[in-house]
Every structure is written in structure tokens, then in C-alpha cells.
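A.B. asks: test case, fold it:
(one chain, ligands or ions: 2)
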Amino acid sequence: MTLPAQTIAELARHLDACASQARDTVKITDAHPEMDWDDAYAIQDHMRRQQLQRGARLVGYKAGLTSHAKMRQMGVETPVFGYLLDSFVVADGGTCETAELIHPKVEPEIAFVTKAELKGPGCHIAAVLAATDFVIPGIEVIDSRYRDFKFDLKSVIADNTSAARFVIGGQPMAVRSLDLRTVGVVLEKNGEPMAFGAGAAVLGHPAAAIAALANHLAARGESIPAGSLILSGGITEAVAVQAGDCVSLRVQGMGATGMRFV
Ligand code: OOG
Ligand code: MG
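C.D. replies: Residues are numbered from 1 along each chain as shown. Ligands and ions are numbered 1, 2, ... in the order given. Modelled structure (predicted):
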């Protein structure tokens with residue numbers, strides 16, 4: 001850690017305010033180039049504590065930048081992890097208020113719901129599959145608080161990895177009946193296919209992203225509780241959306257989910 005506790009708290013409040021007022025900011029490493037990884041997660045943790053104190057409920061976690069398509073799009077090379085609150089949930093087929101967001105983009109993901117605690121270190125794909133209750137299609141709406149989505153890894157970690165909204169829906173499936181590596185996904189905007197991929201785009205197997213999350217949390221004395229919802233990361237590059245757009249995600253053998261931007 002290089003930043004004083006007071007700076008961590010100020011940056012957390014700043015990013016939280018940008019999110020709730022739908023206003024962008026320059027990346028925080030511009031003013032704090034000495035910031036390290038622990039500082040970045042400390043800012044994210046501080047923001048999470050503040051939001052939980054205000055009455056938000058933690059519903060789960062997310063992994064991000066877990067596919068080459070996403071890493072290429074954002075110019076970075078390591079996965080990042082964030083948290084999901086109840087206020088991020090959009091009902092399946094429901095609406096997302098664009099005015100509450102800065103410059104939303106959507107990503108096709110596989111969501112995992114756990115039935116047992118997952119604890120690192122040493123968490124691996126098999127442990128994740130054993131602890132998974134079901135998987136279900138999910139669309140994440142990311143909305144970086146940084147101007148023009150321009151950031152570095154430390155800045156995006158502090159900003160809860162651009163988390164903003166998500167929708168899940170379709171057919172919940174037991175993992176034993178699927179090969180998540182070869183499951184195909186099609187993301188459509190206004191009825192037009194925009195991006196396609198297969199589960200293996202995410203670290204070879206989407207469950208690997210959940211294992212990486214458990215190992216990341218373990219290093220901070222945390223685990224993934226039973227009943228958590230986890231977004232395993234965008235399978236393709238993210239697609240920009242605006243008010244009036246309808247997006248849907250079809251996942252092979254798992255049905256579809258979608259939302260409308262108003
Ligand atoms: C960071 C969040 C990336 C994913 O699924 O890769 C992410 C960003 O691209 O703004 O959620
Ligand atoms: Mg994502």
C-alpha cells in the first residue's frame with residue numbers, strides 16, 4: 001500500500017459519486033501514479049463497505065477481462081475482480097435506465113450460482129463445478145466511470161471493474177450436463193447478431209474464472225459464500241448501447257435473456 005487511508009477513502013467516495021450521478025472522471029492513476037494493486041482493491045473495498053452501510057445487499061461477484069477479446073479491447077493482460085449489488089439487477093426482459101449510466105456497453109457472460117462455499121487458495125475448476133448449483137445466461141452492462149472507457153488496470157479495479165447492471169435469464173442448467181467450453185453464445189442488438197463466441201474464450205473454461213476469483217479472495221481473507229451469483233467475464237468484446245436499444249443473449253441449450261435500454 002502506498003496511499004494513505006484518507007486518500008483511499010476520498011477516491012472511493014469520488015468514484016461512488018461519479019457512479020450515482022452518472023458523471024465521468026479522468027482515471028485516478030493520473031493524480032496518483034504511485035498507487036499499487038493493494039491500494040486499488042482497498043478503494044474498491046472501501047466503496048463496497050460504504051454502499052453496504054447505506055443498505056445495499058451483496059448478491060455476488062464478477063470476474064472481468066477474462067477473455068482475449070476483452071483484454072485486447074481494453075489493452076490489458078490480467079483478469080480483475082469486483083462485486084455485484086442488488087441494485088445492479090435488471091429483471092429478465094426488463095428495462096435499463098440509460099440516463100442513470102454514462103456510456104453503457106453490454107457483454108455476453110455465463111453466470112454461476114453456487115450451492116457451497118468456495119475457498120482458496122488452490123481452488124480449481126473441479127471444485128468450482130462441484131460447488132455450482134447451476135449456470136445461466138447473463139448480460140453484464142458495464143459502465144466505466146472513466147472518460148471514454150480509458151483506464152489502466154489499477155484504475156478499473158478501484159472502479160469496481162466498471163460494474164453497473166446485469167440481467168440473467170433463460171434456462172438454469174446443471175454443469176454436469178454441459179461442456180461450457182463449447183457452448184456457443186450469440187449477442188444480438190435490435191435483432192442483429194453483434195458478437196459470437198464459445199465458453200472457452202474465458203480462460204479456457206468459464207469455471208476457471210470462478211476459481212481465480214476464489215483464489216483472489218482467499219489472499220484477502222474472504223471466500224465465495226454459498227448462494228452467490230458470479231459473472232465469469234465477457235466472452236466477446238463489449239458492445240455499446242444507447243436508449244432505444246434491445247439486447248438479447250442466446251446461449252446454446254440454455255435459452256435466452258435480454259433487456260431494453262430506455
Ligand atoms: C472492465 C470490466 C470487464 C468483463 O467481463 O471482461 C468485464 C471493462 O472492460 O470496463 O466486466
Ligand atoms: Mg463483464
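A.B. asks: can you get me a residue count around the nearest residue to residue 190 once chain neighbours are set aside?
C.D. replies: Of all residues beyond its chain neighbours, the one nearest residue 190 is residue 246 (5.6 Å), with distances taken as CB to CB, 6 or more residues apart in numbering. Backbone N, C-alpha and C define where each C-beta goes, glycine included. Residue 246 sits with 15 neighbouring residues when counted by other CB atoms under 10 Å.
A.B. asks: likewise for residue 83?
C.D. replies: One way to gauge burial is a neighbour count; for residue 83, by other CB under 10 Å, it gives 21.
A.B. asks: just the pLDDT for it.
C.D. replies: At residue 83, the model reports a pLDDT of 98.
A.B. asks: tell me the strands beside the helix or strand it falls within, with direction?
C.D. replies: In this assignment (DSSP states H and E), residue 83 forms part of strand 80-85. In the sheet containing strand 80-85, its partner strands are strand 58-64 (antiparallel), by DSSP bridges.
A.B. asks: can you tell me, leaving aside adjacent residues, what's nearest to the residue nearest the centre of the chain?
C.D. replies: Geometric centre of the chain, nearest residue: residue 62, 3.9 Å, by CA atoms, centre = their mean. Using CB to CB, 6+ apart and skipping residues adjacent in sequence, the residue nearest residue 62 is residue 231, 4.1 Å away.
A.B. asks: please look at that neighbour and residue 141 and confirm they touch.
C.D. replies: No: using CB atoms under 8 Å, residue 231 is not in contact with residue 141, being 10.7 Å away.
A.B. asks: ok, which stretches of the stretch 51-200 of the chain are strands?
C.D. replies: Assignment of strands within the stretch 51-200 of the chain using DSSP state E, counting those that start in this stretch yields the ranges 58-64, 80-85, 95-96, 105-114, 132-142, 163-168, 184-189, 192-198.
A.B. asks: mean neighbour count, these: which tops it?
C.D. replies: The highest mean neighbour count among these belongs to strand 105-114 (a mean of 26), with neighbours defined as mean count of other CB atoms under 10 Å.
A.B. asks: what is the mean pLDDT for it?
C.D. replies: When pLDDT is averaged over strand 105-114, the result is 98.
A.B. asks: name the strands paired with that strand and say parallel or antiparallel.
C.D. replies: Taking DSSP bridges as the criterion, strand 105-114 pairs within the sheet with strand 132-142 (antiparallel), strand 229-231 (antiparallel), strand 239-240 (antiparallel).
A.B. asks: just to revisit the earlier point, so what's the residue nearest to residue 190 up against?
C.D. replies: Listed by CB atoms under 8 Å, 6 or more residues apart in numbering, the contact partners of residue 246 are 189-191, 258-261.
A.B. asks: between the residues you listed, which has the most around it?
C.D. replies: Tallying neighbours with other CB under 10 Å puts residue 259 at the head of these, with 25 neighbours.
A.B. asks: hang on, that residue packs against residue 97?
C.D. replies: No: taking CB under 8 Å as the contact criterion, residue 259 and residue 97 are not neighbours in contact, 10.7 Å apart.
A.B. asks: now render the strands paired with strand 105-114 as a markdown table, adding mean pLDDT and distance to ligand 1.
C.D. replies: Output for the strands paired with strand 105-114, formatted as a markdown table (pLDDT from 0 to 100; distance: least, CB to the nearest ligand atom, whole Å):
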| stretch | mean pLDDT | distance to ligand 1 |
| --- | --- | --- |
| strand 132-142 | 98 | 5 |
| strand 229-231 | 98 | 7 |
| strand 239-240 | 98 | 12 |
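A.B. asks: ligand 2 is nearest to which of those?
C.D. replies: Nearest to ligand 2, of all those, is strand 132-142, at 3.9 Å by CB to the ion.
A.B. asks: compute the inter-axis angle for the closest one and strand 184-189.
C.D. replies: Between the axes of strand 132-142 and strand 184-189, defined by axes from the mean of the first three to the mean of the last three CA atoms, to 10 degrees, the angle is 30 degrees.
A.B. asks: can you get me a residue count around the nearest residue to residue 184 once chain neighbours are set aside?
C.D. replies: What sits nearest to residue 184 in space, not counting adjacent residues and going by CB to CB, 6+ apart, is residue 252, at 4.3 Å. Residues within reach of residue 252, counting by other CB under 10 Å, total 14.
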